[in-house]
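Asker: here is the input, now give the coordinates:
(chains A and B)
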2 protein chains.
Amino acid sequence: MKMLINVPETVVADALRGLAAAYPDLNVDVENRVIVRRDAPVSGQVALVSGGGSGHEPLHGGFVGPGMLSAACPGEVFTSPVPDQMARAAAAVDSGAGVLFVVKNYTGDVLNFDMAAELAEDEGIQVAKVLVDDDVAVTDSLYTAGRRGTGATLFVEKIAGAAAAEGQPLERVEAIGRQVNGNSRSFGVALSACTTPAKGSPTFDLPDGELELGIGIHGEPGRERRPMMTSGEIADFAVNAILEDMPPRSPVLVLVNGMGATPLLELYGFNAEVQRVLRERGVAVARTLVGNYVTSLDMAGASVTLCQADEELLRLWDAPVKTPALRWGM
Amino acid sequence: MKMLINVPETVVADALRGLAAAYPDLNVDVENRVIVRRDAPVSGQVALVSGGGSGHEPLHGGFVGPGMLSAACPGEVFTSPVPDQMARAAAAVDSGAGVLFVVKNYTGDVLNFDMAAELAEDEGIQVAKVLVDDDVAVTDSLYTAGRRGTGATLFVEKIAGAAAAEGQPLERVEAIGRQVNGNSRSFGVALSACTTPAKGSPTFDLPDGELELGIGIHGEPGRERRPMMTSGEIADFAVNAILEDMPPRSPVLVLVNGMGATPLLELYGFNAEVQRVLRERGVAVARTLVGNYVTSLDMAGASVTLCQADEELLRLWDAPVKTPALRWGM
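Answerer: Model (predicted):
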């Protein structure tokens, strides 16, 4: 499997150097693997810190900036960052108003963010935590007790980040983050496996002519494997799986997310089918985002995330944001 | 080859429906295949119209909006749009200040935009044209007399679009577009071929362990094929090919562009190497953009575009823009 890399050992460090060169608004500590918005700490504002294994770019480093994350800690590919990284990030961004950890529900991330919270609290930093577990495809998985955290991470980081930027207190920012996670559900499909730089060959075998329904963002097995389906059939399956779990009571935010190697031409076409299913099911759509946001290296496929958004969440979604991957209003 | 599509025949129409659903600021005529900013025509402003074959998304539809294109005409995959589309777009966006066609140098596009200009002029619309031919890899190609138009298209559309948004007259917007093209050079590499929906199998054969240097955005052959190289070696080759053709006299805008299937993790790492080469060669960098902007379906690989930017071009680059794919300052 060919990759545009030097050697597998330096993939994450190389990417951080390239991120730093492209975004002067970010302060990238390549050695310690912490990405911080350059103007942190911001006086009077709660700080948001997230992180996780690399390979899901732009998540999380591409979401650092005013109106979203204060800092991100990238681990090795598909490997949790360590508590020291997270504690270092918390110390760099805390203004005294406290720090919210946004944690995707994978065993390693959960344990390490818990340890980091203890380290940070020892330094006198007030820490709260939001766990993201939006994936309806499976109950437990290879890497999780409970549901996996996937596309909803973007909604939690954007909306809680907007609340923090308004100066809302830690308990309130945390509550909003939990509300967004509770209001969100995701379902993903893979048309191909992904290849980690270290392994150099696909993480699993997906024969030509088949797809995997309910895939995770590390190539974890999903619900079932089927003969290849059309974009419309996949949209029916994914959206119905979500709506079965969460019948929306308010208009939804829609994320149609590419897994990394699926062209935007196909993602737009898939979005058309997702919107058709929502229309048929009587679900009103408030906003739609289409693109590669929570990826799985070079996996082909897509996921759908829906988030029920009342007027307040919608207002926070629309609030200005300035990060590498999401930017509007400034 | 698996794709997230319904049937090959509806890929472009499906994508346009999905684009329309995601971006209410765009007026998408799916039947006639014209994407227009909803507030067009804008009084007192020159309008920019571009277009070309589909399969390069977000180019061009993702660049429609305030500060950039007024309209875009997508053809079938890798196939020029027809003159009627372009003339219809020109009529929809002309405010009386005239229309600038931004045309990538491919034989079909050039002929059809010329015919469209005649049609539009027959309707009393003043038309000017900028031809984009920035690819230094080959002199002529399968689809061109002269150099191919690739990544510089983004710079031309953004910078000329900013001049138009300021109310500059048609001759001046055209001159700026030509200046940007003249100041820009690109070079691309492919790690894999791309697969068109109609064909369903790769457009060319690129064995494992080899890469193609100087590839075009339709999988046209490049300069040469070599055993796989590291990211650093590729950056050396690509940047040196550009600098050999254009030794910059001012700081450059850098576009590190993914061909579609290369993960952002790799693109950031590649950017680090591109910046290293520029530093070694004494070239100052003014701004850097990294991402999938001028793609070739599911091709793996990347291209580098450099644009020499004096203070005026840099000011226009930084001016506010609000499109699906490029957005800042509003």
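
Asker: would A:Ser303 count as being in a strand?
Answerer: Yes: assessed by DSSP: H, G, I helix; E, B strand; the rest coil, A:Ser303 belongs to a strand.

Asker: what's near enough to touch it?
Answerer: A:150-151, A:186-189, A:238, A:255-257, A:259, A:294 (Cβ atoms under 8 Å, 6 or more residues apart in numbering or on different chains). In short, each C-beta sits where N, CA and C put it, glycine included.

Asker: within reach of chain B, which of the residues you listed are there?
Answerer: With Cβ under 8 Å from any Cβ of the partner chain as the criterion, the subset of those in contact with chain B comprises A:Val256.

Asker: between the contacts of A:Ser303, which sits nearest B:Val110?
Answerer: Of all these, A:Val256 has the smallest distance to B:Val110: 34.7 Å, by Cβ to Cβ.

Asker: identify the bridge partners of the closest one.
Answerer: Per DSSP bridges, the residues bridged to A:Val256 are A:Val290, A:Val304.

Asker: that one: neighbouring residues, count only.
Answerer: A count of nearby residues for A:Val256, using other Cβ atoms under 10 Å in any protein chain shown, gives 27.

Asker: on that earlier part again, which members of the contacts of A:Ser303 occur in helices, if any?
Answerer: In helices, judged by DSSP state H, the following of the contacts of A:Ser303 are found: A:Ala238.

Asker: SS state for the residue most central in space within chain A?
Answerer: Geometric centre of chain A, nearest residue: A:Thr153, 3.8 Å, by Cα atoms, centre = their mean. State at A:Thr153, reduced to three classes by three-state DSSP: helix.

Asker: could you dump the contacts of A:Ser303 to CSV with pLDDT?
Answerer: What follows is these, written out as CSV (pLDDT from 0 to 100):
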residue, pLDDT
A:Thr150, 97
A:Gly151, 98
A:Ser186, 98
A:Phe187, 97
A:Gly188, 97
A:Val189, 97
A:Ala238, 98
A:Leu255, 98
A:Val256, 98
A:Asn257, 98
A:Met259, 97
A:Val294, 98
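
Asker: between the contacts of A:Ser303, which sits nearest A:Gly62?
Answerer: Among the contacts of A:Ser303, and counting by Cβ to Cβ, the member closest to A:Gly62 is A:Val294, at 10.3 Å.

Asker: what sits against the closest one?
Answerer: A:56, A:59, A:150-151, A:153-154, A:217, A:257, A:303.

Asker: please list the residues of the stretch 201-330 of chain A that sit near chain B.
Answerer: Residues of the stretch 201-330 of chain A lying near chain B by Cβ under 8 Å from any Cβ: A:208-209, A:211, A:228, A:230-232, A:234, A:256, A:260-273, A:275, A:285, A:288-290, A:292, A:295, A:297-298, A:300-302, A:322, A:327-330.

Asker: could you dump the contacts of A:Val294 into TSV with distance to A:Val34 added?
Answerer: Below are these laid out as TSV (distance: Cβ to Cβ, whole Å):
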residue	distance to A:Val34
A:His56	17
A:Leu59	16
A:Thr150	23
A:Gly151	24
A:Thr153	18
A:Leu154	20
A:Ile217	22
A:Asn257	25
A:Ser303	28
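
Asker: just among those residues, which is most surrounded?
Answerer: Counting by other Cβ under 10 Å, top hit in the contacts of A:Val294: A:Ile217 with 33 neighbours.

Asker: can you read off the pLDDT for that one?
Answerer: pLDDT, A:Ile217: 90.

Asker: for it, which non-adjacent residue is closest in space?
Answerer: Ranked by Cβ to Cβ, 6 or more residues apart in numbering or on different chains and with sequence neighbours excluded, the top spatial neighbour of A:Ile217 is A:Ser296, at 4.6 Å.

Asker: now that neighbour, what's its secondary structure?
Answerer: When classified by three-state DSSP, A:Ser296 comes out as coil.

Asker: my guess is it meets A:Glu212, correct?
Answerer: No: counting by Cβ atoms under 8 Å, A:Ser296 does not reach A:Glu212; the two are 11.6 Å apart.

Asker: returning to what we had before: could you flag which of the residues of the stretch 201-330 of chain A next to chain B are buried?
Answerer: Listed as buried from these are A:211, A:231-232, A:234, A:256, A:260-273, A:275, A:285, A:288-290, A:292, A:295, A:297-298, A:300-302, A:322, A:327; burial here means 16 or more other Cβ atoms under 10 Å in any protein chain shown.

Asker: so which of those residues sit within strands?
Answerer: A:211, A:256, A:285, A:288-290, A:301-302, A:322, A:327 (DSSP state E).

Asker: between the residues you listed, which is nearest B:Ala309?
Answerer: B:Ala309 has its nearest neighbour among those in A:Arg327, at 20.8 Å by Cβ to Cβ.

Asker: ok, that closest one - contacts?
Answerer: A:65, A:321, B:327-328 are the contacts of A:Arg327 under Cβ under 8 Å, 6+ apart.

Asker: check those and tell me the two furthest apart.
Answerer: A:Gly65 and B:Arg327 (13.4 Å).

Asker: list the buried residues of stretch A:205-221.
Answerer: Neighbour counts over stretch A:205-221 (16+ other Cβ under 10 Å) mark A:206, A:211-221 as buried.

Asker: will you turn the contacts of A:Ser303 into TSV that also has distance to A:Leu69?
Answerer: Formatted as TSV, the contacts of A:Ser303 follow (distance: Cβ to Cβ, whole Å):
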residue	distance to A:Leu69
A:Thr150	17
A:Gly151	16
A:Ser186	19
A:Phe187	25
A:Gly188	22
A:Val189	27
A:Ala238	27
A:Leu255	17
A:Val256	22
A:Asn257	18
A:Met259	22
A:Val294	14
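
Asker: and which of the contacts of A:Ser303 is nearest B:Val12?
Answerer: Lowest distance from B:Val12 to the contacts of A:Ser303 (Cβ to Cβ) belongs to A:Val256, with 17.6 Å.

Asker: isn't that closest one right up against A:Asn292?
Answerer: No: A:Val256 lies out of contact with A:Asn292 (Cβ under 8 Å); the separation is 10.4 Å.

Asker: now stretch A:147-156 - C-alpha only, PDB.
Answerer: Only the C-alpha atoms of stretch A:147-156 are listed here, as PDB (Å, rounded to 0.1, in the frame of the first residue of the first chain):
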ATOM      1  CA  ARG A 147     -21.200   2.900  22.100                       C
ATOM      2  CA  ARG A 148     -18.300   4.300  20.100                       C
ATOM      3  CA  GLY A 149     -17.800   8.100  19.800                       C
ATOM      4  CA  THR A 150     -17.800   9.200  16.200                       C
ATOM      5  CA  GLY A 151     -19.300  12.100  14.200                       C
ATOM      6  CA  ALA A 152     -21.100  13.700  17.200                       C
ATOM      7  CA  THR A 153     -17.700  14.800  18.500                       C
ATOM      8  CA  LEU A 154     -17.800  17.600  15.900                       C
ATOM      9  CA  PHE A 155     -21.200  18.800  17.100                       C
ATOM     10  CA  VAL A 156     -20.200  18.600  20.800                       C
END
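
Asker: chain center to that stretch: distance?
Answerer: 5 Å (Cα atoms, centre = their mean, to the nearest Å).

Asker: now do stretch A:112-131
Answerer: Relative to the centre of its chain, stretch A:112-131 is centred 20 Å away, using Cα atoms, centre = their mean.

Asker: can you list contacts of it?
Answerer: Residues outside stretch A:112-131 that contact it (Cβ under 8 Å, 6+ apart): A:51, A:80-87, A:90-91, A:94, A:97-103, A:105, A:110, A:149, A:156, A:160, A:170-171, A:173-174, A:177-178, A:181.

Asker: straight-line length of that stretch, end to end?
Answerer: Using Cα to Cα, to the nearest Å, one end of stretch A:112-131 lies 13 Å from the other.

Asker: do stretch A:24-43 as well
Answerer: Taking Cα to Cα, stretch A:24-43 runs 21 Å from one end to the other.

Asker: identify all contacting residues around that stretch.
Answerer: Outside stretch A:24-43, the residues touching it (Cβ under 8 Å, 6+ apart) are A:12-13, A:16-17, A:19-20, A:47, A:60-61, A:64-66, A:69-75, A:81, A:84-85, A:88-89, A:92-96, A:322, A:324.

Asker: thanks a lot, catch you later.
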